[in-house]
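# okay, sequence plus prediction incoming.
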Amino acid sequence: MNSAVTDVEVSAQRESSSSAVNWGPIIAGAFAASTLTVVLMLIGSGLGLTMVSPWTGASASATTFAVSAAVWLVIVQWLSAGLGGYLTGRLRTKWVGIHDDEVYFRDTAHGFLAWALATLLVAGVLGSALSATVGAGVQAASNVAAGAAAGASSAATNAAGATDNNSLGYFVDMLFRPADTGAVAPAGQNDAGATAQATRILVVSAAKGEVSADDKAYLAKLVASRTGLSQADAAKRVDTVIAGIDDAKNKAKAAADTARKASATFALVGALSMIVGAFIASVAAALGGKQRDEDEALFVRG
């Protein structure tokens, strides 16, 4: 028993009272990684703007832009994590009387902590921008879900004084274009009440997803009475306008779905790159710490 007590006492005397976590190198590595991340993100933004052009056909495709952004995000995460982890390992003080496996574990943990702190710092600086990017797909999808009814209701609110920005008003104007643009417009053609009534029919139909036969027939009579078209031609015009509205709605849904998929891909690639970045930071810290100890040993022997 005395021997066992002696071993415990000796072990207690050898145990260090200082913490195994050296926060100075961790904070330094985190700041270095955060700064490099911001710099690389600015460079990426500049490169991304070179891929966008207001001229038709001059911009890169959406797929190319998304893939380039994802690749650059991975590069940024890996470079910054590697630099921060390496500096964390090189700047820590030498641990004396510690087994090599424990040294390796501590260096790895320091690199991971530096990466975690850098991630929090970057999230604080770029949090709003990242949230807006990731939430773009969700917002677009929710807009489409409320979509046709909400957007059309907004158009109906401005129907009496239709503007160039009112897309639904454009379709209503198509309904009431005169058959002969050079002829004198029939009396009452610009009747605001008829325009508003047609708008309300299209709004409700868009919300329901289809235009009933009665509504189509009524719209055809309304168009025929105010454009000089025959009943058959007016019915064809109504069908053409309704098809145009459906096509615009489908394009909006397709654009929202594309945005949703792009946001989901961005989030998944970002998460994967961060996981790999944590691994790189840990390995870089272990390499940096090992190199620091080996260089000091060579200096002492020299």
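Structure's in. What do you need?

# which stretches in this structure count as helices?
Shown for the chain, the helices assigned by DSSP state H span residues 2-14, 23-50, 62-91, 100-157, 167-175, 192-208, 213-227, 231-301.

# most neighbours per residue, which of these?
helix 62-91 (a mean of 21; mean count of other Cβ atoms under 10 Å). For glycine as for every other residue, the C-beta is placed from the backbone atoms N, C-alpha and C.

# dump the helices of the chain to a markdown table, plus mean pLDDT.
Output for the helices of the chain, formatted as a markdown table (pLDDT from 0 to 100):
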| stretch | mean pLDDT |
| --- | --- |
| helix 2-14 | 50 |
| helix 23-50 | 88 |
| helix 62-91 | 87 |
| helix 100-157 | 67 |
| helix 167-175 | 65 |
| helix 192-208 | 76 |
| helix 213-227 | 82 |
| helix 231-301 | 87 |
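
# any idea how far residue 36 lies from residue 290?
To residue 290, residue 36 is 22 Å away according to Cβ to Cβ, to the nearest Å.

# got it, and residue 282?
The value you get for residue 282 to residue 290, if Cβ to Cβ is used, is 13 Å.

# likewise residue 230?
Counting by Cβ to Cβ, the gap from residue 230 to residue 290 is 89 Å.

# pretty sure residue 270 sits against residue 73.
Yes - Residue 270 lies in contact with residue 73 (Cβ atoms under 8 Å); the separation is 5.9 Å.

# what touches both of the two?
Common contacts of residue 270 and residue 73 (Cβ atoms under 8 Å, 6 or more residues apart in numbering): none found.

# just checking, residue 79 touches residue 35?
No - shown here, residue 79 and residue 35 do not form a contact pair, counting by Cβ under 8 Å, at 11.8 Å.

# show me what contacts residue 273?
Contact analysis of residue 273 by Cβ under 8 Å, 6+ apart lists 73-74, 77-78.

# quick one: residues contacting residue 70.
Residue 70 sits next to 265-266, 269 when contact means Cβ under 8 Å, 6+ apart.

# then residue 197?
Contacts here follow Cβ under 8 Å, 6+ apart; on that basis residue 197 touches residue 222.

# any idea how far it is from residue 42?
From residue 197 across to residue 42, the span is 54 Å (Cβ to Cβ).

# now do residue 112
Distance of residue 112 to residue 42, given as Cβ to Cβ: 26 Å.

# for residue 277, same thing?
From residue 277 to residue 42 the distance is 19 Å (Cβ to Cβ).

# export the contacts of residue 273 to a markdown table and tack on distance to residue 242?
Below are these laid out as a markdown table (distance: Cβ to Cβ, whole Å):
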| residue | distance to residue 242 |
| --- | --- |
| 73 | 43 |
| 74 | 46 |
| 77 | 49 |
| 78 | 52 |
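
# most widely separated two among these?
73 and 78 (9.7 Å; Cβ to Cβ).
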